[in-house]
Structures are given as C-alpha cells and as structure tokens.
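**Student:** task: produce atomic coordinates for the following.
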Amino acid sequence: MTPHRAADDRGTSITELLISMMLLAVVIATTATMTISFQRTNSQNIARQDQIDVARSATERITKTIRTAIKPSQLPGCTATACDVDAFISASQTSMQFYANLQNASNLVGPRRVTYSLATTGPDAGKLVEKVQVPDSATPGAAGYVYCNAELAGASAACKARLTVRTLAKGVLSSGSQPLFRYFGTTGAELPLTPGVPLTAAQIEEVLSVEILVKVQSPSPSRPKPTTYIQRVLLPNTQAVLRNDVGATP
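**Tutor:** Modelled structure (predicted):
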C-alpha cells in the first residue's frame, strides 16, 4: 500500500513561484516610484523656497538702498558747483549706479556711491552684485566728492577698505522683455531702454521711480520654475533726485 503524502509536503509549484515574484516586483516598483516622486517633490519645494528667499531678500535690499538716493548738493557742506549732479550716475536694464545717503548722519562720511550690476555672460552669469563705496574724504573739493578706484590691482589698502562688495543673488535671469531694472519719469511713463544701452543724461534727470524685477532659478537638478519678485520704488525725496528745472508731477 502506497503511503499517503501530506498536502503541506507538496512544495511550491513554478506557477505559484512566478506569481509571487511578479507581485513582489510590482510592490517594489510601486514603492520605488513613490519614493523617487516624493524625493523629487521635496527637492523642488526646497529649491523653490530658496528661490523665493533669495529673490525677496535681494529685492528688499535694493529697494531699501534706492530710497536713500540723493543729489550730493542736498547734503550739508556740499555747496560746490560740482556737487550739483544727478542722484543717478548711470542706469541700464542690468545695472545702475547712484549716490546714497546711507549711514551718513550730519554728512560725516559723505554720500556712498552704490552700484548694482548683473553679469549676463561668462562664469559669473546670473550673479547680482552690490558695491558700496565711501568717498575718499567727507569734505568735497572743487570737483565734488572723489572716489578712488578700489578695484584697481595697485589700489592702496586704505582705498580697498572703502569698498564693500556683496553678492545679493545667483541664478538671476534677465531679458529685454523682463529686465532687472525699469525706470519711470516724472509723468509716470516708462523711460524707453534698449538692451545694453544706458539711459541718456537727459533721461537720468527725469528718473523718479524704479521697478525691480528679480527672477531667480535655482541650479538644483530638480529645475523648479523660476521665481519672480517685483517691487516698484518711488523715490521719496523728489527734490533730492530731480534737477531744479525738472518738476515732479503732483
């Protein structure tokens, strides 16, 4: 008589083994997909928040400084004819330079010369830089306030100490349709600008407000969409900016 074999001694068939392996593969693939998706989303959120922080910080910094733009002749002690110059020295879509009454109580230091510039080519492309320099002397001469070339290779240590350079943002995007800076005159109309061409002296005389558009894209591999931060700055002290023969619109 043939002995009876117990049911649990039959083992696993090839069909059952294949089904088990397929189910396990589906579970592993689903888990991996969910994990990768979560990591990508998390990375994008972090990069996007970084973009927001960078754009907001840069815009607020520039806004605060522009509000202090002033003509040197408005400062006490600067009565020389050479002091009667515009608050803005130069202005284009990607850069501007102006005199600012920063940390200058009673004009003991003199107006700082502030420069904002965005590199559009080369290894520094996308870098927004702020440069702030104090004059060589708080007392203006016949030529007005003088600023040494602190970036010259042979500049003295004292001269270099008068210049502060700070990177405000990286990954800044700018184009002709969405420039970093836009300028508006006394009538509220935008002063026309051609990419790469600064405002003329006559246009600079009219600048009454500036629009800052900081568009940042993180270098993160997740490549989130760019973050744009816009701020329109109305220069508070019109008389400190406009020439005597240029009137502000009420």
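**Student:** average model confidence for the longest helix anywhere in the chain?
**Tutor:** Longest helix in the chain, counting residues (DSSP state H): helix 14-66. The average of the pLDDT scores along helix 14-66 is 81.
**Student:** how far away from the center of its chain is whichever helix or strand comes after that helix?
**Tutor:** Where DSSP states H and E defines the elements, the next helix or strand beyond helix 14-66 is strand 88-91. Chain-centre distance of strand 88-91: 18 Å, with CA atoms, centre = their mean, to the nearest Å.
**Student:** buried sites along strand 88-91?
**Tutor:** 88, 91 (16 or more other CB atoms under 10 Å). (C-beta placed from N, C-alpha, C; glycine too.)
**Student:** so after it, what's the next helix or strand?
**Tutor:** Following strand 88-91 in sequence, per DSSP H and E, is strand 95-100.
**Student:** what's the following helix or strand after that following strand?
**Tutor:** Next along from strand 95-100, by DSSP H and E: strand 112-118.
**Student:** which elements pack onto the helix or strand containing Glu211?
**Tutor:** Using DSSP H and E, Glu211 sits in strand 209-216. Counting contacts by 3 or more CB pairs under 8 Å, 6 or more residues apart in numbering; DSSP states H and E, strand 209-216 packs against helix 14-66, strand 172-173, strand 181-184, strand 227-234.
**Student:** among the ones you listed, which is nearest Arg162?
**Tutor:** Across the helices and strands packed on strand 209-216, Arg162 has its closest neighbour in helix 14-66 (16.9 Å, CB to CB).
**Student:** any idea of the pLDDT on Pro198?
**Tutor:** Reading off the model, Pro198 has pLDDT 95.
**Student:** which residues touch it?
**Tutor:** Shown in contact with Pro198 (CB atoms under 8 Å, 6 or more residues apart in numbering): 90-92, 95.
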